[in-house]
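S.K.: Sequence and predicted structure, then a few things I'm wondering about:
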Amino acid sequence: MFCGQTAKSKKNYKGEVSRRLVYFSCQEEREEMAGTAAPYPGGWKLYKPQAKRLNLVSVTLLSILCSAFYLLGVWQHSRITASSTSAIATTSFVTAIPCDRNSAAAAHASTIDTQLDFTAHHAAEDAAAPLPAIVHFPACAAELSEYTPCEDVQRSLRFDRDRLIYRERHCPEKSEILKCMIPAPQGYRTPFPWPKSRELAWFANVPHKELTVEKAVQNWIRVEGDKFRFPGGGTMFPNGAEAYINDIDRLIPLGDGSIRTAIDTGCGVASWGAFLLSRNILAMSFAPRDSHEAQVQFALERGVPAMVGVLASNRLPYPSRAFDMAHCSRCLIPWHQYDGLYLIEIDRILRPGGYWILSGPPINWKKHWKGWARTEEDLKDEQNAIESVANSLCWRKIKEKGDIAIWQKPTNHIHCKANRKVIKFPPFCSSPDPDSAWYTKMEPCITPLPDASDIEDISGGMLKKWPERLTAVPPRIERGGIHGITADSFLQNVELWKKRIGYYKNLIPQLGQKGRYRNLLDMNAKLGGFAAALVDEPVWVMNVVPVATDIRTLGVVYERGLIGTYQDWCEAMSTYPRTYDLLHADSLFTVYEDRCEMENILLEMDRILRPEGTVIIRDDVDIVIRIKNIMEGMRWDSQIVDHEDGPHQREKLLLAVKTYWTVEDKNSKESNSSSYWNGDM
């Protein structure tokens, strides 16, 4: 023992004797030796010399009992196998992560060795069995460096090309799931920190020049030496996204906090969403996997929220009444076709009173029809058809000015239900769950808004303006729409996550460093507390609500002014490799323990995590130990630490960092699996 550390013995809940390290300051140890220390808050009292003397018989009996229990505990503890103990006893965690890596040799970070042994304190009945042998996962082939499993180009060709169904999610069968780690391309470098990343990206990270040629005159993207530059241009905003957004701001209020969440369909490189961020508007941008090479990948590399996605036959993976504003700038979506099905889906995800913005064909066709290489009659008919669908949804056209047209969804459906006697199509849906959106087929029917008693009412409740809506009780909770969640428990959750983020920053100092992280993913977001507690940091969080959970809370996440998506973690996410800087998984592996293999989830996490990215997993200690055992076969450094409330909580935290490595150098004689921890490939 030394100053700052002592040890106690006690029985755990299985009756085993364990040794517990209890840390004190040197001042506390001096107080203990002097006999003036206060009782230990965990229930152990420190020895006091001034205490009442025990008689000799009592001391003798106490000594005999202590010795007997000690010997019994030693015998029981010795039954725990050496392999089980060694698998969890010693580990290290990268505590200092530089913001840039220009070579594999520079990827080695300093480590702190920490003795960790949770087996005796917290092991469940089956935890004494040896952990499975460590499986070392090899690197995937270099040509898979941009692999998106559920949007794989070769697999997609097996499916129907009608209505772009082949571009929807089509995930590999269980037997087809790769058991290897996706490599970063040669020369991969840490992306530029925000806001510099809005304009710049490293060419080596996304080595595609197609857009610089195809969209050269539209000012989307340029190559400058070893970097890409994003001037902020777009097909319908040649003067830049900022000027285009200013034009929209003259038509609807973008700066008063009433508009916070937006969706950009067919987003390109997401310049619209990138420049909305300075106005405190958070946009979810999406585009198909191969409409233009790597456009969503460019968006994510810039530090802008984006997903691979398409309007085809399935609903978009978002709840009803999610977005304050939807946008299409020459996104080439046939809004007027298929009985207006795609516009009907936009209606489902728009909140009451939300806006739909359309620029590009057919808007302002009288001016642009020659450049669009279409006839005046064709464009006129398309605009009339779109106007007709919007009217059937009871939308009101606010303004058409220049190249921009804006419609507004009604705040309730009182009038809309009444006029179904005149406008027969589309009818109102009879589906009981408007928030169902994971492989749920779109239907040509209007998703009904919650009942309103007065024409002035806002269906579902009024949202407060940003930023008040972040911490205000969401209407879905206030109206009892989320089972088991009350206004009081929501407010307690807000405070809980403030506490937890403070603890995370103590464990991971980089979390408080401006520019170290940008793209964050909460894999089991629940009420969005993790993201809400980080709102003052220069980061954005993709809040995922797994479809395997019992309670659908993604609507609450959006009512708070945050963004997210549904996801089944037995499948891959609709995003490119190296998408996120930090992954957070709260009880995720408990949810999926009996649904799919842990190693598949971890390999997917490795795929979407950037080199030197961070992982925070919080879960039951037995699950955490099993996860860490799998991590030993991955190129991650990891460490188990205690819950923020102390060592007596079964829930533990597993912190990990993905080490830097890239595809094998063609001149190297080493195999891909020769070295997992030194960064050499």
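M.R.: Everything's here; your move. Numbering: from 1, shown residues only.
S.K.: what's around residue 152, how many residues?
M.R.: Neighbour count of residue 152, defined by other Cβ atoms under 10 Å: 17. For glycine as for every other residue, the C-beta is placed from the backbone atoms N, C-alpha and C.
S.K.: meant to ask about residue 222, not that
M.R.: Using other Cβ under 10 Å, residue 222 is surrounded by 15 other residues.
S.K.: For it, name its beta-bridge partners.
M.R.: Judged by DSSP bridges, the bridge partners of residue 222 are residue 229.
S.K.: Now do the contacts for residue 507.
M.R.: 641, 653, 655 (Cβ atoms under 8 Å, 6 or more residues apart in numbering).
S.K.: now swap in residue 584 and tell me
M.R.: Neighbour list for residue 584: 520-523, 530, 615-616 [criterion: Cβ under 8 Å, 6+ apart].
S.K.: pLDDT weak spots in the stretch 51-200 of the chain?
M.R.: 51-129 (pLDDT under 70).
S.K.: go again using 90 as the cut-off
M.R.: For the stretch 51-200 of the chain, the stretches flagged by pLDDT under 90 are 51-131, 153-154, 156-157, 161.
S.K.: Ok, the stretch 251-400 of the chain next?
M.R.: Where the stretch 251-400 of the chain drops to pLDDT under 90, the residues are 266-270, 289-295, 332, 368, 370-373.
S.K.: Please, where are all the helices along it?
M.R.: 271-276, 295-301, 341-349, 365-368, 376-392 (DSSP state H, counting those that start in this stretch).
S.K.: Please flag which of the contacts of residue 584 sit within helices.
M.R.: If you go by DSSP state H, the contacts of residue 584 have residue 530 in helices.
S.K.: can I get the contacts of residue 584 in a markdown table with distance to residue 373 and neighbour count?
M.R.: Listed next are those as a markdown table, based on distance: Cβ to Cβ, whole Å; neighbours: other Cβ atoms under 10 Å:
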| residue | distance to residue 373 | neighbour count |
| --- | --- | --- |
| 520 | 43 | 23 |
| 521 | 41 | 28 |
| 522 | 45 | 26 |
| 523 | 45 | 30 |
| 530 | 49 | 24 |
| 615 | 50 | 24 |
| 616 | 52 | 23 |
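S.K.: starting at the chain centroid, how far to stretch 273-293?
M.R.: Chain-centre distance of stretch 273-293: 16 Å, with Cα atoms, centre = their mean, to the nearest Å.
S.K.: Pull the contacting residues for the spatially most central residue of the chain.
M.R.: Geometric centre of the chain, nearest residue: residue 521, 2.1 Å, by Cα atoms, centre = their mean. The contact partners of residue 521, taken as Cβ under 8 Å, 6+ apart, are 541-542, 544, 579-580, 582-584, 608.
S.K.: same deal with residue 383?
M.R.: The contact partners of residue 383, taken as Cβ under 8 Å, 6+ apart, are 362-363, 365.
S.K.: And these, which is closest to residue 188?
M.R.: Taking Cβ to Cβ as the measure, residue 188 sits nearest to residue 363 out of the contacts of residue 383, at 40.9 Å.
S.K.: just to revisit the earlier point, determine which two of the contacts of residue 584 are furthest apart.
M.R.: Greatest spacing in those, by Cβ to Cβ: 530 and 615 (13.4 Å).
S.K.: Can you verify my assumption that residue 609 contacts residue 583?
M.R.: Yes. Look at residue 609 against residue 583 with Cβ atoms under 8 Å: they come within range, at 5.8 Å.
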